[in-house]
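Participant: what shape does this take:
(chains A, B, C and D)
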Protein chains: 4
Amino acid sequence: MTTGATKAAPVRAGLVGATGYTGMELIRLLLGHHSMELVRVTSRAEAGKRLDDIYPFTQGTRYGGLAITEPDAEDLAAACDIAFLAVPHGAAMEMAAQLHSRGLKVVDLSADFRLHDSDVYEQWYNTGHTRTEMLGQAVYGLPELYAEQTRNATLVANPGCYPTSVILGLYPALKEGMILPNGIVIDAKSGATGAGRKASVPSLFCEVHDSFRAYGIGTHRHTPEIEQELSAIAGAPLTVSFNPHLLPVNRGILSTIYTTLQHEMSADDVQAIYENAYADKPWVRVLPKGSLPALRNVRGTMYCDMALVVDPRTHRLIIVSCIDNLCRGASGQALANANLMLGLPVNTGLDLAPLVP
Amino acid sequence: MTTGATKAAPVRAGLVGATGYTGMELIRLLLGHHSMELVRVTSRAEAGKRLDDIYPFTQGTRYGGLAITEPDAEDLAAACDIAFLAVPHGAAMEMAAQLHSRGLKVVDLSADFRLHDSDVYEQWYNTGHTRTEMLGQAVYGLPELYAEQTRNATLVANPGCYPTSVILGLYPALKEGMILPNGIVIDAKSGATGAGRKASVPSLFCEVHDSFRAYGIGTHRHTPEIEQELSAIAGAPLTVSFNPHLLPVNRGILSTIYTTLQHEMSADDVQAIYENAYADKPWVRVLPKGSLPALRNVRGTMYCDMALVVDPRTHRLIIVSCIDNLCRGASGQALANANLMLGLPVNTGLDLAPLVP
Amino acid sequence: MTTGATKAAPVRAGLVGATGYTGMELIRLLLGHHSMELVRVTSRAEAGKRLDDIYPFTQGTRYGGLAITEPDAEDLAAACDIAFLAVPHGAAMEMAAQLHSRGLKVVDLSADFRLHDSDVYEQWYNTGHTRTEMLGQAVYGLPELYAEQTRNATLVANPGCYPTSVILGLYPALKEGMILPNGIVIDAKSGATGAGRKASVPSLFCEVHDSFRAYGIGTHRHTPEIEQELSAIAGAPLTVSFNPHLLPVNRGILSTIYTTLQHEMSADDVQAIYENAYADKPWVRVLPKGSLPALRNVRGTMYCDMALVVDPRTHRLIIVSCIDNLCRGASGQALANANLMLGLPVNTGLDLAPLVP
Amino acid sequence: MTTGATKAAPVRAGLVGATGYTGMELIRLLLGHHSMELVRVTSRAEAGKRLDDIYPFTQGTRYGGLAITEPDAEDLAAACDIAFLAVPHGAAMEMAAQLHSRGLKVVDLSADFRLHDSDVYEQWYNTGHTRTEMLGQAVYGLPELYAEQTRNATLVANPGCYPTSVILGLYPALKEGMILPNGIVIDAKSGATGAGRKASVPSLFCEVHDSFRAYGIGTHRHTPEIEQELSAIAGAPLTVSFNPHLLPVNRGILSTIYTTLQHEMSADDVQAIYENAYADKPWVRVLPKGSLPALRNVRGTMYCDMALVVDPRTHRLIIVSCIDNLCRGASGQALANANLMLGLPVNTGLDLAPLVP
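Facilitator: Numbers count the residues shown, from 1 in each chain, chains lettered A, B, ... in the order given. Got it, this is the predicted structure:
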């Protein structure tokens, strides 16, 4: 199978951290991105193998024969134009510094550069931040809000999966002052890829399948990220109650967001404000009144589907917001940010139709 | 396989409505209830068949050869001591009246006798109530709250699945005045048996599997039932925001309930009050602090597992409450109520261990 | 999001039968096919609606606003260059005749033109064949075997999902005379999309989830299709034992095929013959010795992954062959055939990476 | 909840190896076995904890407060009447020897005493057998075949899960000489509990869910066990082709068994022979002609459901046999064997209704 030729030489990309689900997803997406070429894939655990040794899904594709190497900043800097960091928080900050200082553009999928305040980082992540000087350089890469800044960035902090669904869901309501900034409750449900690809008993099939559970009620690390970004939108500090749950599905996050209206508003007015806010953002789909989102309609894509429900009995605006946590909430968004940083159309390689059913 | 003999003749039970999931579950439970004997099973659609023709799981059991008959009040009254109604709301009220007037004890699994106010019923169920004279006779059969009344009842309105999880979760907090009675948000997630066993495209495997969605945000029919019962506990009318979601699992409801504390309370104090409130209610398991419930730990049982989380950042008490919607939330609870009505120990036939995994 | 412009005007395609899973899948694939434009979508049940009314996954895409119309041969012939028939067998043959006689190229996804012998059709499908005169015109559209014939065809009988996995799995072994032509046992397992999108109790989520069952042992309608095509390859009539099972997954067929070697052969020799047979067929991936296929590696794609196992203890060659039943086994293959019929590269719009996980 | 009192003091049981799925299942079953009392639970990894610390499903039950201890033969021998070994093969044989020599009855759920020939054991399990002197004492604990021997046994080798489904499926056909003893093909599909509860990437939810794969084609360790037992039934050595697959379900094995009839037989004759063979074996349910088994009908139970299909086109008898791998295929069968060894009715604590759906 030949792939559509592009005139310009493709951008050379490196993936640091191949063995997790975000690394896997980036490989899937880069198989279909014809202005970018994956030239380096690193993993300490799997170095020396071919990519199709560990991922049979790449056999026979343009990346199947790629050698997995040890992560090496010199080599990556020499071989690549841009690097994606799909390694755990803590590990990412050092690698980011080494690559960035060698002139590489960096998209960090970890949490290491998302929080502006290193004290908050240390408090929630239980580890010191060793690259605080870079915090000011990092752009929070949510394309609908920060595309301009991202175009000029050399370091992008790729947003967390939960925050992506929540910030997009609340942006118009907070921006327009429709809702009380405090008292917001977020009940979020995520697929199991969110728990990562490390061997662990609680993530075994038989522990997750045909079950459902809450975890991290009130204590999840995405809380300060959500609060930082929502506070910026609202123009004043706010606190949220953020509460994640684990779904027996592979992909997807659905966040049900409970807010209180500042003043009475009709459902039509709310709908119009949201549709207007996202009129030129094709990845955000405000569903028609009466529809509610389902994970499968965003599976494998960049879409954020959302619905607005005004409940006159309780004076609430309830927002249901839904994304694919791996694509929109991680690797796809990373690729969109890379596109922006490289001067490509943001949707290059990301015009993806949902895998339904 | 012989079953343990009991000295007294077993109670004779009839099941009206065999083809739904609650009927199926009642049959499962009655296979293990040795003081009760299922002697009639009715279904208009399947009359004339044997039970094991439509349910291979009953083949070779004591009920496999039972004949499915047309529902006939005379016949049921003559043959049975108690009847379980597992037919849709609307249909149940007439059948209940016919059986009750013939002296049968009746446990109605539908919504027809749950709401005290027939106007509220008509508003939420879009159909008139034709047996309003019986509303006063019906006991709301939640054993932890109303066992005494149920012992003397001849008509029990079996609680809805969502309300069971919510009322048990909120009972101590409201009773003790720990929380503001208004502003409560309930984010509930149910397995697909909750949608019933009617052929419909949205309930097909490929529409539900590997997906997740919200439905009935702010508009679900269990809302007035929840409000009625919580108001009675709080001693004043209250309004809740109740919001259901559909899980890709067979069984189980997990309700995450967001409340606001009246006064600051420590997690230990909250825990103690709950443990005390349910000290002699073995089916309610207040999990140790730090644990959170999972559906699988209640699968197939009468347990209601719950956890209490005090979030000092937002002054909230978050309650996570979890049941098996078919067993505790429907047929098992119906059987517990029947046990009470018949003078049997409430847990007869219901000492069930969870099917884990 | 703009889609890559193509210089030539895109081919105009019509989809007859929008509401089933194969129709849904064709829409998904055509969203990413930029040399073809879906201009008509028909459904008797949903005529008058927009496509995104029934399929929220198409909202905001280039097809979301498409009007669903009643099937009308005149209108389809005037508006389209090619038509895909995604209607049940029996219904397809008449529509095919009407469209074909009006000069439309037709890809029929049903079974109506797959069997050369109308008596065999009638025996297995329990309905008469009313268009026997067209049987000789139809090409059996398996691209690896019949691409040349398909390029010149105006009517393509799109292969069944099971036969696709089986024929590709057995082709080299039968062609090269490696195995006994008789005594072949095929144990096939399919995802639930194979059962279609009609409302029915046995296809409900709670009937399929967390379960597994055999169905149609020895009696499935794909049997004569498999036998016809394998007989053609072997050069003599043969009989197979074909036995399908229902998996609790959305997509995918895995066929485990048990054969007896004519003569002793080493695993390496078998492997080499298969790799050679499919050397220039990029959609068939012969896995390295020791690997076994998994459904997820072909999810959403055109790949047929297969493994060869020589069991010296039993003198058997066991072939495990695996496809996505909806994409490779139905709509993707239909699109490949359309590409061939229209003079496009066969993989146009079909360079798809598996959705893993 | 009180449990039914029994007059005799309950048998004291010990479980060696609490952390796997078979250990977990034995605990579930012993919660409902009122003539046996679990008094010891051991685990090297979890010693020092309470049982409900690691298994929340036991909270509030009669075993929740049980202390998990290090495995200690002296202590077990002093405290227990019978021990269940739910530890890996290799580890089991030593523990069995230590307990058995101290007078304890032992049911070993591992493979260590299943094979009569220690050479075969070493060849398939890649480890030497250090207790060959005990092989002659062990009874192969398949109740339908060896109940008498088990009643007198002090050491039971509990059958493997796959062999249980296969042997029961083939027993009448081989015993009666209906089929050719050679050329049998077994295509088996197992739920993921069969892979155990060790943390491993291939067993993660996202690796198994919505997928399906073959594994161990022709090389699975249950092959020699199946051949040993079938050879004994047939009265002559035979070889089978045994081929397992991994299902995305928690529990259950469905084996589709392909045989060749010695002589032509009608489906009715085959059916009659099977029904007769299992007439007094209530756990084996020969389904009516035309029905095919489904995993869910045996979920959580001791049932083995089977169907017989005669395919006149291929002269085959196809047997579909289905069990719950954890209950019938492991811990439930272990309990049945314990019942026999202790002089209790075989079904004590095992009169279990399937959890459907």
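Participant: the domain parsing of chain A - what is it?
Facilitator: A:11-137, A:162-326 (automatic domain parsing).
Participant: A:Gly128 belongs to a strand, doesn't it?
Facilitator: No. Counting by DSSP: H, G, I helix; E, B strand; the rest coil, A:Gly128 is not part of a strand but coil.
Participant: that one: how many residues sit nearby?
Facilitator: Using other C-beta atoms under 10 Å in any protein chain shown, A:Gly128 is surrounded by 11 other residues. Quick note: C-beta positions are derived from backbone N, CA and C, even for glycine.
Participant: can you check A:Glu74 too?
Facilitator: Neighbour count of A:Glu74, defined by other C-beta under 10 Å: 10.
Participant: how far off centre is the helix or strand in which it is found?
Facilitator: The secondary structure element spanning A:Glu74 is helix A:73-79 (assigned by DSSP states H and E). From the chain centre to the centre of helix A:73-79 is a distance of 25 Å (C-alpha atoms, centre = their mean, to the nearest Å).
Participant: which SSE is immediately downstream of that helix?
Facilitator: Counting by DSSP H and E, the next helix or strand C-terminal to helix A:73-79 is strand A:82-85.
Participant: so for that following strand, mean pLDDT?
Facilitator: Along strand A:82-85, the predicted confidence averages to a pLDDT of 98.
Participant: what comes up buried for the helix holding A:Glu74?
Facilitator: Going by neighbour count (16 or more other C-beta atoms under 10 Å in any protein chain shown), the buried part of helix A:73-79 is A:73, A:76-77, A:79.
Participant: turn those residues into a markdown table, columns for pLDDT.
Facilitator: Formatted as a markdown table, the buried residues of helix A:73-79 follow (pLDDT from 0 to 100):
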| residue | pLDDT |
| --- | --- |
| A:Ala73 | 97 |
| A:Leu76 | 98 |
| A:Ala77 | 97 |
| A:Ala79 | 98 |
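Participant: follow-up on the earlier one: pick the most deeply packed of the domains of chain A.
Facilitator: The densest packing among these, expressed as mean neighbour count by mean count of other C-beta atoms under 10 Å in any protein chain shown, is seen in domain A:162-326 with a mean of 22.
Participant: most widely separated two among the buried residues of helix A:73-79?
Facilitator: A:Ala73 and A:Ala79 (11.0 Å; C-beta to C-beta).
Participant: follow-up on the earlier one: contacts for the helix holding A:Glu74, please.
Facilitator: Among residues not part of helix A:73-79, those counted as contacts by C-beta atoms under 8 Å, 6 or more residues apart in numbering or on different chains are A:12, A:14, A:16, A:39-40, A:42, A:69, A:83, A:95, A:98-99, A:102-104.
Participant: go again using 7 Å as the cut-off
Facilitator: The contact list for helix A:73-79 (C-beta atoms under 7 Å, 6 or more residues apart in numbering or on different chains) reads A:12, A:14, A:39-40, A:83, A:98-99, A:102-104.
Participant: ditto for stretch A:323-330
Facilitator: Outside stretch A:323-330, the residues that touch it by C-beta under 7 Å, 6+ apart are A:21-22, A:25, A:109, A:158, A:161, A:164-165, A:190-191, A:193-194, A:251-253, A:298-304.
Participant: out of those residues, which are inside strands?
Facilitator: Helix and strand membership here follows DSSP state E; of the contacts of stretch A:323-330, those in strands are A:190, A:253, A:304.
Participant: residue contacts, the closest residue to the first one other than its chain neighbours?
Facilitator: Right, the one you point to is A:Ser190. Leaving aside its chain neighbours, A:Ser190 sits nearest to A:Ile253 (4.7 Å; criterion: C-beta to C-beta, 6 or more residues apart in numbering or on different chains). Shown here is A:Ile253, whose contacts under the criterion C-beta under 7 Å, 6+ apart are A:161-162, A:165, A:188-190, A:322-323, A:325, A:329.
Participant: run the last query once more with 10 Å
Facilitator: A:160-162, A:164-166, A:188-191, A:193-194, A:244, A:247, A:295, A:298, A:304, A:321-326, A:328-329, B:212 (C-beta atoms under 10 Å, 6 or more residues apart in numbering or on different chains).
Participant: repeat for A:Ala272
Facilitator: With C-beta under 10 Å, 6+ apart, A:Ala272 has these contacts: A:266, A:286.
Participant: tell me the residues on chain A that lie near chain D, please.
Facilitator: A:19, A:21, A:24, A:54, A:191-211, A:246, A:248-251, A:326 (C-beta under 10 Å from any C-beta of the partner chain).
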